[in-house]
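*Asks:* Mind folding the following:
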Amino acid sequence: QVQLVESGGGLVQAGGNLRLSCAASGRTFSNYAMGWFRQAPGKEREFVAAINWKGRITYYADSVKGRFNISRDNAKNTVDLQMNSLKPEDTAVYYCAAKRMIVSRIMGEYDYWGQGTQVTVSS
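*Replies:* Sure thing, here's the model as predicted:
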């Protein structure tokens, strides 16, 4: 079992930055690939970014590529999402997720989820 707790969400103006953090506890964090997903009101949850267990392989959704950066610290059991140049369309609840072994963009492959943190970008 892996427990995930997100933090760092909030309200920011368009063009601003936010840094989300996800703290993991339970099983050995370094055994897991980590992902960030988001769900906007009335929309399906979608992939945002993912990172492999060692932090050397990262994937990004096209909509955030060049603006968001995912990183992890296996010593601290954390994975962060630095979000720059935020847009109103980035408004969503952001979820941290974990899966064993190979990093993936596919939501259904993730086994553990956090409760989510709200990000609101005003225009």
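*Asks:* Quick check: phi and psi on the residue nearest to residue 47 when sequence neighbours are not counted?
*Replies:* Nearest residue to residue 47, sequence neighbours excluded (C-beta to C-beta, 6 or more residues apart in numbering): residue 105, at 4.8 Å. Quick note: C-beta positions are derived from backbone N, CA and C, even for glycine. Residue 105 adopts backbone torsions of phi -90, psi -10, taken as degrees, to the nearest 10.
*Asks:* Pull the contacting residues for residue 105.
*Replies:* If you count contacts by C-beta atoms under 8 Å, 6 or more residues apart in numbering, residue 105 has them with 35, 47, 50, 59, 61.
*Asks:* ok, now residue 27?
*Replies:* Contact analysis of residue 27 by C-beta under 8 Å, 6+ apart lists 1, 2.
*Asks:* let's see 10 Å
*Replies:* By C-beta atoms under 10 Å, 6 or more residues apart in numbering, the contact set of residue 27 is 1, 2, 3, 98, 100, 112.
*Asks:* and if you look at residue 7?
*Replies:* Here residue 7 is in contact with 19, 20, 21, 22, 23, 78, 96, 114, 117 (C-beta under 10 Å, 6+ apart).
*Asks:* Determine the set of other helices and strands touching the helix or strand containing the fifth one.
*Replies:* Element membership of residue 23, judged by DSSP states H and E, is strand 18-26. Judged by 3 or more C-beta pairs under 10 Å, 6 or more residues apart in numbering; DSSP states H and E, the packing partners of strand 18-26 are strand 2-7, strand 10-13, strand 32-39, strand 68-73, strand 78-83, strand 92-100, strand 117-122.
*Asks:* Dump those strands to CSV, plus distance to residue 55.
*Replies:* Formatted as CSV, those follow (distance: least, C-beta to C-beta, whole Å):
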stretch, distance to residue 55
strand 2-7, 17
strand 10-13, 26
strand 32-39, 9
strand 68-73, 5
strand 78-83, 9
strand 92-100, 14
strand 117-122, 21
